[in-house]
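Peer 1: Structure, please.
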Amino acid sequence: MFKKELDPEDFYYSPEGYIVFTEKYHLKRGHCCKSGCKHCPYGYDKKTGGFTRDKKS
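Peer 2: Here you go, the predicted structure:
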């Protein structure tokens with residue numbers, strides 16, 4: 001398996017130093033990982049285990 005390099009618009013660093021993926025990154029990835037990501041464009045709700053809005057294309 002190979003590692004793809006991230007573009008600058010794909011992420012930013014939180015004040016604590018963690019990488020936070022942007023909505024643009026998630027859309028490029030093409031699917032929801034169901035981890036409850038902060039900028040999930042697919043509307044996944046980790047508390048309910050379901051989707052709260054329609055998938056963006």
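
Peer 1: pLDDT score for Tyr44?
Peer 2: On the pLDDT scale, Tyr44 is placed at 94.

Peer 1: Could I get the contacting residues of the nearest residue to it once chain neighbours are set aside?
Peer 2: Spatial nearest neighbour of Tyr44, chain neighbours left out: Cys32 (5.1 Å); criterion: Cβ to Cβ, 6 or more residues apart in numbering. All C-beta atoms are positioned from the backbone trio N, CA, C, and that covers glycine. With contact taken as Cβ atoms under 8 Å, 6 or more residues apart in numbering, Cys32 is in contact with His26, Cys40, Tyr42, Tyr44, Phe51, Lys55.

Peer 1: got those as a markdown table, with distance to Tyr12 columns?
Peer 2: Below are those laid out as a markdown table (distance: Cβ to Cβ, whole Å):
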| residue | distance to Tyr12 |
| --- | --- |
| His26 | 13 |
| Cys40 | 15 |
| Tyr42 | 20 |
| Tyr44 | 20 |
| Phe51 | 25 |
| Lys55 | 23 |
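
Peer 1: Would you write a PyMOL line that selects the buried entries of the residues you listed?
Peer 2: Remark: buried members of the contacts of Cys32, expressed as a PyMOL selection using 16 or more other Cβ atoms under 10 Å:
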select buried, resi 26+40+42+44
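
Peer 1: Greatest separation within the contacts of Cys32: which pair is it?
Peer 2: Greatest spacing in the contacts of Cys32, by Cβ to Cβ: His26 and Phe51 (13.4 Å).

Peer 1: And the average pLDDT for stretch 21-37 is what?
Peer 2: 94.

Peer 1: what is in contact with His26 and Phe51 at once?
Peer 2: What both His26 and Phe51 touch, as defined by Cβ under 8 Å, 6+ apart, is the set Cys32, Tyr42.

Peer 1: quick one: the strands in the chain?
Peer 2: 11-13, 19-21, 44-45, 50-51 (DSSP state E).
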